[in-house]
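> model this:
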Amino acid sequence: MAKILLICYDFPPVNGSAVPRIRAMSRGLIQSGHELFVITREPLDGEPLDSESQNGLEPARVYRIRLLPWRLRERGSETSGLFKRLVDKILVPSTKTRFLLKAFQAGCRICSHHKFDLILSSTPPHEINFVAALLSKKFGIPLFIDLRDAWVGHPGLFRGKAARNAVDSLLERISMRQATFCTAVSDEITELVKKRHPRLSMKSETVYNGWEEEYFSPGITSPGSGPLIISYLGSLGGHRSPEGLFQGLRLLKSRFPDLSALLKVRLIGRCDDQPLQRAEELNIRDIVTFHGQVPLREACAEMQRSHALLLILFPEEGGMQALTGKFFYYLGAGRPIIALAEGSLAGRWVNEHRLGICVPPGDCVCIASAIEELMERSQLGKSWNADCEFAFKFRRDRQVERLVCLVESCFRK
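Predicted coordinates for the structure are as follows:
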């Protein structure tokens, strides 16, 4: 049995996009007989939680760092005044500076009292890797880095300021130099790591995200007659704009005046005012409904209650490298996917394995045509001839088993 220190920003019962991978990884390590210590943050006041996600994690010793309340964080940072402008606007490309400092302090205290066999860092934010690298260096503990996104070179992290980009590169270089092994969620990110850090060329591998069968109920079937139900699971607002989708729906509505009786699009997840206002302006609120964030089990049930699922990739969040966690749960749900993701890995998989239809995210004509094709198929009772075996390759237990073996290789000779 080994002692492992995990450093991550989101951890159950927090209900975030990074949590399923971290939860499954933690469970796998515990079930393999390892003693797990976790440094993470406290849930914030009013933050959506998923209490079920804590099941199986009871043996872990979790140290939580208290952050500032939502009303202060919504200003854009957990720091304030001149220090905020210096740190967040110029030097450190992270709005989670306070957590990083506290995580390092907590790590020093914990590592002083326990002899760890491995430090494991899981992003986002990427700067967690730097904190883990400092602890690894200070206490002589092997470091294992798990990446959900690329660090330097990631479109969502490009700030357009030379000072911040230089700091980003420096932090990544220091972190990767200290790493014993690195995993990433896609081959594109793994290859980028190998290219930027040749010493990790034989010590970097891809471990995909996945889906858990336990979250899908065999008693829930696809809806029968009635309007075609298309669901999107995930947050919207800011640069996550559904403009292409909305324009496509407006175009469809001009072709089908009674479209609201034929089609319902459900947007499930966090959403700011902008998409709601835009839907009102385009006169499509009779087609589009907005729902709040829900726990994972309920989200999977909503996927099963849909005729089709909508995947929207945003160029600012990874471009070709993007392979979101929700995509794998879509695979588990077994519903056709309308992927607004042409040119991405996810889009290529949708086409190659007959999982649905892939179109450019901003092409309203193609989006309207894709939805119309699904409507016609639904009315004619045509099923989708998908490659079912492809989905089973990404069952979470298979991915976790592989990840645990790689983790164990770092401290077992």
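> any weak-confidence spans in the stretch 51-200 of the chain?
In the predicted model, the stretch 51-200 of the chain carries pLDDT under 70 at residues 68-95, 153-164.
> in it, which spans are helices?
Along the stretch 51-200 of the chain, counting by DSSP state H, counting those that start in this stretch, helices occupy 70-73, 81-86, 97-113, 127-139, 162-178, 187-196.
> Tell me how this protein divides into domains.
Domain assignment of the chain by automatic domain parsing yields the ranges 3-210+395-409, 214-392.
> Need the distance between the two termini of the last one.
As for domain 214-392, its first-to-last residue distance stands at 14 Å under the measure C-alpha to C-alpha, to the nearest Å.
> Now do the contacts for residue 290.
Residues near residue 290 by C-beta atoms under 8 Å, 6 or more residues apart in numbering: 267, 271, 275-276, 279. The way it works is simple: take the backbone N, C-alpha and C, and place the C-beta from them, glycine included.
> Torsion angles phi and psi at it?
Note on residue 290: backbone dihedrals following degrees, to the nearest 10 are phi -110, psi 130.
> Which residues does it form beta bridges with?
residue 267 (DSSP bridges).
> pLDDT score for it?
pLDDT, residue 290: 94.
> tell me, how many neighbours does residue 275 end up with?
Burial of residue 275 is recorded as 21 neighbouring residues (other C-beta atoms under 10 Å).
> same thing with residue 402?
By other C-beta under 10 Å, neighbour count at residue 402 equals 16.
> nearest residue to it other than its sequence neighbours?
Nearest residue to residue 402, sequence neighbours excluded (C-beta to C-beta, 6 or more residues apart in numbering): residue 207, at 5.7 Å.
> pretty sure the one you found is touching residue 401, no?
No. When contacts are counted by C-beta atoms under 8 Å, residue 207 is not listed as touching residue 401 (9.9 Å).
> Looking at the two, which one has more neighbours?
residue 207 (22 against 13).
> Quick check: the more buried one vs residue 186, distance?
According to C-beta to C-beta, to the nearest Å, residue 207 and residue 186 sit 10 Å apart.
> Any idea what residue 211 is bridged to?
According to DSSP bridges, the partner residues bridging residue 211 are residue 395.
> tell me the contacts of it?
Applying C-beta under 8 Å, 6+ apart, the residues near residue 211 are 328-329, 331-332, 391, 394-396.
> Check what pLDDT it gets.
Note for residue 211: predicted pLDDT of 95.
> can you give me the strands in this protein?
Secondary structure of the chain (DSSP state E): strands at 3-7, 35-41, 61-65, 118-122, 143-147, 181-184, 204-206, 228-233, 263-268, 288-291, 308-312, 337-340, 356-359.
> Report the contact partners of the residue nearest to residue 345 when sequence neighbours are not counted.
Distances taken as C-beta to C-beta, 6+ apart place residue 323 nearest to residue 345, at 5.6 Å, with adjacent residues excluded. Counting by C-beta under 8 Å, 6+ apart, residue 323 touches 185-186, 208-209, 344-346.
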